[in-house]
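Asks: only geometry, no sequence info:
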């Protein structure tokens with residue numbers, strides 16, 4: 001028995017030491033996680049958030065009276081959009097550079113000239129209680145690798161003045177003012193702003209639709225044809241908001257599996273709108289897609305065409321040293 005006691009004591013000490021090591025390791029992992037968590041959280045939260053755009057607006061405005069929303073220029077090529085929060089009984093109208101007033105649907109983006117740093121708007125509140133509303137501006141850059149910028153401000157819309165019970169003085173008689181008469185039809189026009197792609201088959205097609213006529217366009221649609229693998233992709237837009245004379249809107253279409261070819265857009269493809277000039281309803285631009293990483297071995301032969309009952313078909317063959325990306329087009333490795 002005396003010979004077994006030292007061995008038993010050593011075992012107990014070994015177990016206690018092992019437990020102490022485990023405790024130290026676990027504490028180290030917990031401490032490391034507590035130190036690293038702010039870094040990880042800040043890394044992921046900042047990567048997805050848009051850059052900040054400084055937006056200014058009055059804290060309070062009266063229904064029926066215009067106020068100004070202004071913002072600090074982003075300092076790069078692109079355009080701005082105005083949007084406001086949907087509130088019951090509230091609508092906002094935008095005053096364009098030419099003085100024409102356009103109704104802006106709530107929750108919808110209203111395109112603003114890229115040369116402007118402010119927008120005059122008129123709130124119209126049907127209710128009798130003050131209503132806070134969030135107005136926001138978003139900058140959309142022309143470059144595909146640039147980051148969007150967004151900012152907002154809260155404006156409390158005060159209801160209009162209540163009618164009084166006091167009799168009003170009868171206005172003096174005046175000559176009737178003739179209503180302005182439209183001096184001509186609308187004229188929808190479209191132009192391509194940019195068409196670009198990266199080395200992975202992703203492309204962006206930006207075009208601008210404007211009304212160069214002398215009356216409103218009414219509702220319209222546009223149709224775009226995009227060069228993609230397999231066959232050209234056809235996109236038909238939903239019904240668009242009417243454009244007043246001088247108004248315009250910039251549209252952006254993004255698509256994948258892009259190949260070299262022409263991208264085109266036609267506004268009012270069915271010619272449903274009576275226009276002053278329909279020769280400017282179409283615009284196109286060529287796209288050259290340069291795929292990354294390709295290495296083609298020279299001197300390969302293409303098998304002849306074989307005929308099958310279902311039509312013309314080519315036999316399956318493999319080019320030497322040619323790799324294919326997901327869209328089926330060869331890419332080359334330097």
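Replies: Alright, I've got the coordinates. What you are looking at is a predicted structure, and each value in this text was computed from that prediction instead of being measured.
Asks: wait, residue 137 sits on residue 55?
Replies: Yes: Residue 137 is within contact range of residue 55, at 5.1 Å (criterion: C-beta atoms under 8 Å). Backbone N, C-alpha and C define where each C-beta goes, glycine included.
Asks: shouldn't residue 15 be within a strand?
Replies: No: counting by DSSP: H, G, I helix; E, B strand; the rest coil, residue 15 is not part of a strand but helix.
Asks: can you pull the pLDDT of residue 289?
Replies: Note on residue 289: pLDDT of 84.
Asks: my read is that it contacts residue 255, right?
Replies: No: in this structure, residue 289 is not within contact of residue 255 by C-beta under 8 Å, at 11.6 Å.
Asks: quick check: neighbours shared by the two?
Replies: Residues touching both residue 289 and residue 255 (C-beta atoms under 8 Å, 6 or more residues apart in numbering): residue 203.
Asks: all helices for the stretch 101-250 of the chain, in order.
Replies: Using DSSP state H, counting those that start in this stretch, no helices are found in the stretch 101-250 of the chain.
Asks: low pLDDT regions in it?
Replies: For the stretch 101-250 of the chain, the stretches with pLDDT under 70 are 161-182.
Asks: one more time with 90, if that's ok
Replies: 101-105, 107-117, 126-128, 138-150, 159-184, 196-203, 214, 217-218, 229-233 (pLDDT under 90).
Asks: now the strands: where do they sit in it?
Replies: 101-104, 110-112, 118-125, 131-141, 149-158, 188-197, 203-211, 222-226, 233-236, 248-255 (DSSP state E, counting those that start in this stretch).
Asks: mind putting those strands into CSV with mean neighbour count?
Replies: Formatted as CSV, those follow (neighbours: other C-beta atoms under 10 Å):
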stretch, mean neighbour count
strand 101-104, 15
strand 110-112, 20
strand 118-125, 19
strand 131-141, 19
strand 149-158, 18
strand 188-197, 18
strand 203-211, 22
strand 222-226, 19
strand 233-236, 12
strand 248-255, 17
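Asks: without its sequence neighbours, what residue ends up closest to residue 226?
Replies: Once flanking residues are discounted, residue 226 sits nearest to residue 233: 4.4 Å by C-beta to C-beta, 6 or more residues apart in numbering.
Asks: and stretch 100-108, end to end?
Replies: Distance across stretch 100-108, first residue to last, is 19 Å (C-alpha to C-alpha, to the nearest Å).
Asks: which other residues reach that stretch?
Replies: For stretch 100-108, contacts defined as C-beta under 8 Å, 6+ apart pick out 82-87, 90-96, 110, 121-122, 241, 244-247.
Asks: one more time with 10 Å
Replies: Contacts to stretch 100-108, defined as C-beta atoms under 10 Å, 6 or more residues apart in numbering, come from residues 66, 81-87, 90-96, 110, 119-122, 124, 133, 216, 241-247.
Asks: which among those residues end up buried?
Replies: 81-85, 87, 90-92, 94, 96, 110, 119-122, 133, 216, 241-245, 247 (16 or more other C-beta atoms under 10 Å).
Asks: I'd like the average pLDDT over the helix or strand residue 70 falls within.
Replies: Assessed by DSSP states H and E, residue 70 sits inside strand 67-71. For strand 67-71, the mean pLDDT works out to 93.
Asks: right, and the helix or strand after that strand?
Replies: Using DSSP H and E, the helix or strand that directly follows strand 67-71 along the chain is strand 78-84.
Asks: quick one, what contacts residue 213?
Replies: 182-189, 243-246, 273-277.
Asks: what sits against residue 59?
Replies: With C-beta under 10 Å, 6+ apart, residue 59 has these contacts: 132, 153, 154, 155, 156.
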